[in-house]
Each structure stands twice: as C-alpha cells, then as structure tokens.
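Trainee: Everything below, folded, please.
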Amino acid sequence: MELAISFADVQSAARVLAGVANRTPVLTSRTINRLTGYQVYFKCENLQRIGAFKFRGAYNALSRLSEAEKAQGVITHSSGNHAQGIALAAKLLGIAATIVMPTDAPQAKLDATRGYGAEVVLYDRQQQERSEVSGRLAREQNLVFVPPYDHPHIMAGQGTAGLELLQDVLDLDVLVTPVGGGGLLSGCATAARALKPDIRIFGVETELSNDWQQSFARNERVKIAPPATIADGMRTQQPGALTWPVVRRLVNDILLVSEAQVIDTLKFLLFRMKILAEPTGAVAPAAVLQKMVGPPGSRVGVVVSGGNMDAGVLASLLSSSAAAQN
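Mentor: As a prediction, this is how the structure comes out:
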C-alpha cells in the first residue's frame with residue numbers, strides 16, 4: 001500500500017515554509033535529564049507562529065491551492081490551533097477563511113482565530129458532527145475544504161518539525177510526539193524514518209482520548225465517543241484515513257498518560273524550564289517524564305506541540321495546585 005506522503009513531500013514542504021515559519025529552538029534541561037536518565041531535547045513548537053506546529057501544515061496546504069481555489073475561499077473545522085494556522089496562513093496569502101469551531105474551544109483560541117481575520121462558525125460537539133457543519137457550509141458557499149490533519153500537504157507540513165529536530169540533534173534514539181488526528185505524528189515519523197531508520201517513534205495521547213491506542217491494539221481504526229480530556233487538541237474520535245496507515249507502518253507504539261500527569265508536566269515545564277505549554281503540548285513530555293520511552297541513557301527528542309493556553313484554565317490549574325499543597 002502506497003502511503004499518503006513521502007520524505008520528498010516533507011522536504012518540499014520545508015522549502016515552502018523557509019522564511020515563513022519559525023525554525024523553532026531545541027531546548028534542554030539538566031534537571032529533566034537527571035530525573036529521567038535520558039538526554040532530552042525539546043522541539044519548542046509553542047514558539048511557532050500562532051503558538052503551535054499547526055501553522056506549518058496550514059501554510060503548506062494553502063500555498064499550493066490554485067489561484068481559482070484561493071479566490072473561492074477556504075473552510076475548515078478545528079478546536080483551535082489548526083483554526084489559527086489556517087486563519088494566519090489565509091491572511092498572509094490573501095484568502096478568505098471560515099473556521100468551524102466547537103462552543104467549548106478555549107476562548108484564547110477563538111479570539112486569536114478571529115483576530116487573524118477569519119470568520120468563526122460555532123457548533124456543539126455533543127450534538128453536531130463538525131464535518132457535517134463544515135461540509136454544508138462548503139457546499140452552500142462554494143468554499144475549498146482544508147482538513148485539520150487528514151491531507152497530504154497538511155501531514156507533510158507538520159513533518160517539517162521532526163525534520164528540523166533531527167537535523168539539529170544528530171543520532172536521536174527516540175522521537176516522541178503527541179497524537180490527535182495524526183498529522184504531526186505521521187509527518188514527523190516519515191521524516192525520522194528516512195533520516196534514521198532505526199529510531200524508535202512513539203505517539204502519546206491521554207487515557208481519555210485513546211482512539212489511537214485502541215486502534216493499534218485492534219489493528220484497525222477505532223472510533224470513540226467525544227473524549228472529555230483537558231488536552232483539547234486530542235478531542236478527535238478516530239485516527240485519520242490517511243494518517244492511520246502512515247502511523248501504523250512507521251510508529252513503534254502509542255503511549256497513554258493520565259490527565260493528572262499532563263497537568264503536572266505542564267506545571268513542571270512552566271516553572272522549571274519557563275516553557276508555557278498548553279495541555280496537548282504537555283502530553284508528549286509527560287510520557288518522557290514518566291520514563292515510558294526507552295532505557296536510561298536514551299537520546300530523546302520530544303515535540304512540545306503548542307503553547308496556546310487559556311489564561312482562565314491556567315489560573316485554575318495553578319490555584320488548584322496551590323490549594324492541594326496547603
């Protein structure tokens with residue numbers, strides 16, 4: 001079976017993004033190395049434009065539209081970071097954008113998406129299927145639909161984060177990324193396997209959003225109920241049709257972390273490394289801090305996928321932590 005993307009696609013995306021996307025820094029922490037026994041390298045996509053890796057795929061996809069498609073305008077659905085990525089990419093390329101977002105999306109992400117000039121249409125994820133809402137609007141308004149993850153140009157664009165990490169840090173033993181729809185993991189796995197065939201690759205999701213873990217166990221795409229996880233980027237219900245074959249072939253395993261471990265990791269990154277990660281961005285580092293990804297001494301690259309933390313949520317998490325300690 002031919003996979004949706006190749007290493008050449010990721011390299012092509014890197015050329016498109018050169019000078020547009022940030023080449024985000026790779027940070028280290030002696031404290032985390034001591035606690036885990038690993039040598040850990042954090043790819044800080046929280047410092048990417050729009051505060052998350054999603055800008056990479058969004059810009060790569062929109063830049064490849066025909067002039068006629070750009071004139072039509074685009075539509076997508078997203079809980080937040082893909083929404084912002086499409087909104088900013090569309091603004092840079094002069095394309096009108098409509099974003100279908102859930103009513104429970106973080107307010108900061110709603111505000112930022114509107115701030116980039118996109119029109120936001122809200123839906124209730126407990127009552128409506130977002131694909132039906134966006135599909136209806138696309139038909140009615142003749143808009144070009146750009147999927148949040150299940151699209152070759154999106155996947156290849158996200159893979160440039162992994163490409164940069166392996167270019168900057170030679171001889172990684174392990175690559176760890178979060179997995180929601182699978183765009184980031186599939187793209188990064190494609191790059192990593194090409195550059196270092198023997199690298200071990202893990203996707204990480206929360207216990208409440210374990211559609212990938214169940215899919216790996218059954219060797220088929222499993223659909224779950226809408227997950228009530230704090231990691232809003234992982235509220236997808238099923239692996240993508242295009243991302244699934246890539247991840248199944250190239251990734252070693254899917255790991256699970258608890259909501260509490262995500263929150264503890266988010267706080268650890270903030271106070272010890274001064275890295276602001278949103279809950280989804282703390283999921284992969286949580287698995288590393290729990291020593292799930294390999295034997296001591298492993299050189300581990302981990303993607304901090306985003307830092308778009310809602311101020312109210314952050315304040316609530318910090319106050320609850322302080323109360324627990326008193």
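Trainee: Please make it C-alpha for all contacts and neighbour counts, starting now.
Mentor: Fine.
Trainee: Pop out the phi and psi values for Ile254.
Mentor: phi -110, psi 130 (degrees, to the nearest 10).
Trainee: and what of Arg200?
Mentor: Dihedral angles (degrees, to the nearest 10) for Arg200: phi -90, psi 130.
Trainee: ok, how many other residues are close to it?
Mentor: When neighbours are counted by other CA atoms under 10 Å, Arg200 registers 21.
Trainee: so how far is Pro25 from the closest residue to it other than its chain neighbours?
Mentor: Excluding the flanking residues, the one nearest Arg200 by CA to CA, 6 or more residues apart in numbering is Val174, at 4.7 Å. Counting by CA to CA, to the nearest Å, the gap from Val174 to Pro25 is 18 Å.
Trainee: repeat for Glu45
Mentor: In terms of CA to CA, Glu45 sits 8 Å off from Pro25.
Trainee: and these two? which has more neighbours close in?
Mentor: Taking neighbours as other CA under 10 Å, Glu45 and Pro25 compare with Glu45 leading, 26 against 17.
Trainee: For the more buried one, which residues are in contact?
Mentor: Thr24, Gly51, Ala52, Phe53, Ala161, Val303, Val304, Ser305, Gly306, Gly307 (CA atoms under 8 Å, 6 or more residues apart in numbering).
Trainee: and if you look at Val251?
Mentor: Contact partners of Val251, counting by CA under 8 Å, 6+ apart, are Ala189, Arg200, Ile201, Phe202, Gly203.
Trainee: Kindly reformat those as TSV containing pLDDT and distance to His151.
Mentor: TSV is the format used below for the contacts of Val251 (pLDDT from 0 to 100; distance: CA to CA, whole Å):
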residue	pLDDT	distance to His151
Ala189	98	15
Arg200	98	24
Ile201	98	21
Phe202	98	21
Gly203	98	19
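Trainee: Among the residues you listed, which pair sits farthest apart?
Mentor: Greatest spatial distance among those (CA to CA): Arg200 and Gly203, at 10.4 Å.
Trainee: The contacts of Val251 in strands, which ones?
Mentor: The strands in this structure, assigned by DSSP state E, contain Arg200, Ile201, Phe202, Gly203 from the contacts of Val251.
Trainee: Next, count neighbours for the third one.
Mentor: Pointing back at Phe202 there. By other CA under 10 Å, neighbour count at Phe202 equals 25.
Trainee: for it, what are its contacts?
Mentor: Phe202 makes contact with Val174, Leu175, Val176, Thr177, Val251, Asn252, Asp253, Ile254, Leu255, Val293, according to CA under 8 Å, 6+ apart.
Trainee: can you pull out the strands in the stretch 201-326 of the chain?
Mentor: Taking DSSP state E, counting those that start in this stretch as the criterion, the stretch 201-326 of the chain carries its strands at 253-257, 299-304.
Trainee: Adding mean neighbour count and distance to Ile263, write the ones you listed out as CSV.
Mentor: Shown next, in CSV, are the strands of the stretch 201-326 of the chain (neighbours: other CA atoms under 10 Å; distance: least, CA to CA, whole Å):
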stretch, mean neighbour count, distance to Ile263
strand 253-257, 21, 10
strand 299-304, 26, 14
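Trainee: Output these in TSV; the columns should cover distance to Gly181 and mean pLDDT.
Mentor: Formatted as TSV, those follow (distance: least, CA to CA, whole Å; pLDDT from 0 to 100):
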stretch	distance to Gly181	mean pLDDT
strand 253-257	13	98
strand 299-304	15	98
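Trainee: Report the beta-bridge partners for Thr98.
Mentor: Ile75, Glu119 (DSSP bridges).
Trainee: roughly how far apart are it and Thr76?
Mentor: Per CA to CA, Thr98 is found 7 Å from Thr76.
Trainee: what do you get for Ala189?
Mentor: Taking CA to CA, one finds Ala189 at 25 Å from Thr76.
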